[in-house]
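Undergrad: can't give you the sequence, but here's the structure:
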């Protein structure tokens, strides 16, 4: 069993096409080197009025909003999601995230191990 | 994209060896029929002073504590875990959960699709 509080996990910047995404951080809470056989749990914070630009990849996202609000666009669809909402984003669909609010957006994002 | 608030998902009882576990409920937030290719996101509530007895299975758990406290035993190890903690429980290890506190325990538990 591994137990870790998110405040004890290193906060890392998020890179995107070689640039740092301003105001956005990631913490890897459970990962392959912990022995997790199938998927990884990551924790994100997005400061108010920040944006993760559109991107796509062959793996899905399963997201849970812990605090704040997020406008998520996937393909041609945009939705405003709030605390206690779960979001499933299919593989290979272009998606982006906007924190339009005045509060820090906090969410979990679980992905399969990408290199398996 | 699928978005669902946990309050809009049916709350189900938890069965254990044919008996209902009193004071414990599960909501399946993201599941295989939603198109999720690899893993399912479930949300649990355990009322104060409730217990999920020891059990084992060939799949892992990745847990995130949303509210409350939990004593988790996995194998010979017991740990008290609190809000904002992530817990990884290995496959095939016997594990159990106790909510010894006076607050409702709320947590996410992600598992791989069991029948794949």
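TA: The structure has been received and is ready for your questions. Computed from a predicted model, the values in this text were never measured in an experiment. Residues are numbered from 1 along each chain as shown, chains lettered A, B, ... in the order given.
Undergrad: Now do the strands in chain A.
TA: A:2-5, A:12-16, A:19-30, A:39-46, A:50-55, A:61-67, A:69-74, A:77-82, A:85-89, A:95-99, A:105-112 (DSSP state E).
Undergrad: Residue B:15 is nearest to which of these?
TA: strand A:85-89 (22.7 Å; CB to CB). All C-beta atoms are positioned from the backbone trio N, CA, C, and that covers glycine.
Undergrad: Please enumerate residues in contact with that closest one?
TA: The contact list for strand A:85-89, computed with CB atoms under 8 Å, 6 or more residues apart in numbering or on different chains, reads A:60-65, A:72, A:74, A:79, A:81, A:95, B:1-6, B:29-30, B:34-36, B:41, B:43.
Undergrad: and with 6 Å instead?
TA: A:61-65, A:74, A:81, A:95, B:1-5, B:29-30, B:34, B:36, B:41 (CB atoms under 6 Å, 6 or more residues apart in numbering or on different chains).
Undergrad: Give me the sheet partners of that strand and which way each runs.
TA: Sheet pairing here is set by DSSP bridges, and for strand A:85-89 it gives strand A:61-67 (antiparallel), strand B:2-5 (antiparallel).
Undergrad: Now render those as CSV, adding mean neighbour count, mean pLDDT and distance to residue B:111.
TA: Listed next are these as CSV, based on neighbours: other CB atoms under 10 Å in any protein chain shown; pLDDT from 0 to 100; distance: least, CB to CB, whole Å:
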stretch, mean neighbour count, mean pLDDT, distance to residue B:111
strand A:61-67, 22, 98, 11
strand B:2-5, 17, 98, 18
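Undergrad: where in chain A is pLDDT low?
TA: For chain A, the stretches flagged by pLDDT under 70 are A:115-116.
Undergrad: hmm, 90 instead?
TA: Residue ranges of chain A with pLDDT under 90: A:16-18, A:114-116.
Undergrad: Which residues are in contact with residue A:99?
TA: Residues in contact with residue A:99 (CB under 6 Å, 6+ apart) are A:46, A:50, A:70, A:105.
Undergrad: residues in chain A within reach of chain B, list them.
TA: Contact residues (CB under 6 Å from any CB of the partner chain) of chain A with chain B: A:1-6, A:29-30, A:34, A:36-39, A:41, A:60, A:62, A:64, A:74, A:77, A:79, A:81, A:84-89, A:108, A:110, A:112.
Undergrad: Across the sheet, point out what pairs with residue A:73.
TA: What pairs with residue A:73, by the bridge criterion (DSSP bridges), is residue A:78, residue A:96.
Undergrad: Could you give the number of residues near it?
TA: 16 (other CB atoms under 10 Å in any protein chain shown).
Undergrad: go on, residue A:32?
TA: 15.
Undergrad: do residue A:44 as well
TA: Residue A:44 - counted by other CB under 10 Å - has 19 other residues nearby.
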